[in-house]
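1. Model the structure of this input:
(one chain, ligands or ions: 4)
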Amino acid sequence: MSLLRAIRCVVVAALVPQCSSTGKGPVGIYAIDARYVVIADSNFNALLVVDAKLGGAVGALSWPLDKNGTRVTAASDPQTWVSLTGVASCPTCGFAYVTSNHGAEFWRVSLPEPLAAMAARRDFAGLGNASVAPLALVVDGANLTHSGKLRMVRVSADGSAGYVAHLSRGVFAFDPRRTGAAMPAKRILEADGAAGLQFADDENELLATTMGAVLVLKTRNASAAPRAVKVQSACNGHHARDAVKADGLFYVISGPQQGAGCKGLFEVGEACRLLTARTRSVNWVDGPYSAAHFSRPHAMTRLPGTDLIALTDIDNRAVRLYAFRGPAKGEVTTVPYDDGLWRRLLGGAPRPRPARPQATARARDFLGLGAGAPGDAPAAPALWTSQRCASCWLHWPGECPATDHDKNSKSYTKATWGHDRRLLARAERDGALRYECRNAAKPALTADVCC
Ligand SMILES: *[C@@H]1O[C@H](CO)[C@@H](O)[C@H](O)[C@H]1NC(C)=O
Ligand SMILES: *[C@@H]1O[C@H](CO)[C@@H](O)[C@H](O)[C@H]1NC(C)=O
Ligand SMILES: *[C@@H]1O[C@H](CO)[C@@H](O)[C@H](O)[C@H]1NC(C)=O
Ligand SMILES: *[C@@H]1O[C@H](CO)[C@@H](O)[C@H](O)[C@H]1NC(C)=O
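-> Ligands and ions are numbered 1, 2, ... in the order given. Next comes the predicted model:
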């Protein structure tokens, strides 16, 4: 790439604020065992197996089909991705079920062997070979997919019962062992805002989290009315998103607003108690109780046989662990997993968006280059721009996808990272560009970005 093009690219990137907004990340989560979780990650467009003990993604299934059912390639526009939402499987299941916000929205993944068998060998290579089929979720002859409203999904430990939450219609039961392109389903709960789903008490209970309450259903008695754990009234009007039950207490992801922002972890029983800070912090601040910060926790699950709850923290692009009992009770720790994943899964760091003509003109003006033909720029190994890294609309320090497909991050001042750093671009000897976010006074605060 010519130096001028390099410089133009940098400055254009700096002048076009939406170059790399995010707002996507890990959403649904399924615990394979005490150590490994599978997450539905809408940022990487993949199911990822994360090692909750050591960190890192140890297995991946890149989502093969886009919104239109067309095969996804490295060149596909991220805006055609389906945006993965929920994931569920079981210890002996040769399948997993996945929900998404777009496209078919309900999917069966045929696994070469159960995830638990892969975990026992600590080898998840087979996940990458799994095949994916879109399903129609059919209720009384009507088709619930293509609604944008399917949320979390759960499968019982023996693989015989499946449940899926629909945001406006409630919770539906299906038989996960059935094959075929149409999956009949039966409504077991009529509710508005059903998002989270979780088993409790040896699967005698199914927790359906709606905005206002966690509804506790008896899985073995369809005629029993659900009990409501009222989050909205107990927690000052908060909206809940997902819940787990441990030692008789309900742990609930909740916050004051519907949708984005300011969610924390609460313990809800007779009263409502905030267990962590309720910020919208986009860094991994760990620690006990209110010392810990989350970005946008979405779903969670217990790690079987441990004292830990694992939560997906969307904008932080990490799994967070909360110890609900034991010596570390109240402590939040971070499980990072995204090092180099863009490169590994998507064939290279995300590219800057192509320059728009008016932005190019502004960039040339900014550099004092006038409107002349490209190719004759003064040599410049590195270029500081006047832009703060926050102009990239990054939600966290590091790589990010080249997409402005972000519905959840409208707040520039609060939701973006990098207000204390400036964008520096380096033209490397091989002509490649490397972007860094730097604080001139604190050289240690350097981070690569994809702006
Ligand atoms: C997907 O389908 C829609 C509507 O049929 C169409 O407008 C769009 O161009 C298609 N996208 C791709 C990537 O094929
Ligand atoms: C995945 O599929 C490839 C090609 O069919 C095969 O060679 C490989 O052994 C498979 N890997 C696993 C772990 O199943
Ligand atoms: C379900 O609806 C979608 C979108 O309308 C359609 O493409 C699909 O064929 C339908 N499936 C069934 C079984 O009705
Ligand atoms: C099921 O629930 C109904 C309504 O609460 C109750 O009357 C009945 O005894 C329950 N059945 C069993 C087997 O527990």
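
2. For the stretch 51-200 of the chain, which residues are neighbours of ligand 1?
-> 68, 70, 80 (CB under 6 Å from any ligand atom). In short, each C-beta sits where N, CA and C put it, glycine included.

3. which among those residues end up buried?
-> Buried by 16 or more other CB atoms under 10 Å: T80, out of these.

4. export the residues of the stretch 51-200 of the chain next to ligand 1 to TSV and tack on secondary structure, pLDDT and distance to ligand 4?
-> Shown next, in TSV, are these (DSSP: H, G, I helix; E, B strand; the rest coil; pLDDT from 0 to 100; distance: CB to the nearest ligand atom, whole Å):
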residue	secondary structure	pLDDT	distance to ligand 4
N68	coil	92	45
T70	coil	95	48
T80	helix	86	47
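
5. so who does the closest residue to V49 other than its chain neighbours touch?
-> Using CB to CB, 6 or more residues apart in numbering and skipping residues adjacent in sequence, the residue nearest V49 is G59, 3.5 Å away. Going by CB atoms under 8 Å, 6 or more residues apart in numbering, G59 touches 48-49, 118, 124-125, 127-128.

6. Do you know the pLDDT at G59?
-> On the pLDDT scale, G59 is placed at 95.

7. Next: the one 3 residues further on.
-> Reading off the confidence values, S62 has pLDDT 94.

8. Ok, L15 next?
-> 29.

9. so, if you compare the contacts of G59, which one comes nearest to Y36?
-> Y36 has its nearest neighbour among the contacts of G59 in V49, at 5.6 Å by CB to CB.

10. quick one, helices of this protein?
-> All helices of the chain, identified by DSSP state H, fall at 3-15, 115-121, 231-234, 341-346, 357-366, 412-415.

11. list the helices and strands the second one packs on?
-> This means helix 115-121. strand 36-41 (3 or more CB pairs under 8 Å, 6 or more residues apart in numbering; DSSP states H and E).

12. doesn't A234 make contact with A271?
-> Yes: between A271 and A234 there is a contact under CB atoms under 8 Å: 6.5 Å.

13. still on that earlier bit, any idea which of the helices of the chain scores lowest on pLDDT?
-> helix 3-15 (a mean of 34).

14. returning to that earlier point: neighbour count winner among A271 and A234?
-> Using other CB atoms under 10 Å as the criterion, A271 and A234 rank with A234 on top: 20 against 9.

15. thought the more buried one was touching E267?
-> No: counting by CB under 8 Å, A234 does not reach E267; the two are 10.3 Å apart.

16. hey, where'd the strands end up in the stretch 201-350 of the chain?
-> Taking DSSP state E, counting those that start in this stretch, the strands of the stretch 201-350 of the chain run over residues 205-209, 213-218, 227-230, 239-246, 249-255, 264-268, 272-274, 287-288, 297-302, 308-313, 318-323, 331-336.

17. Run me through the strand neighbours of the shortest one, direction for each.
-> According to DSSP bridges, strand 287-288 has the following sheet partners: strand 331-336 (antiparallel).
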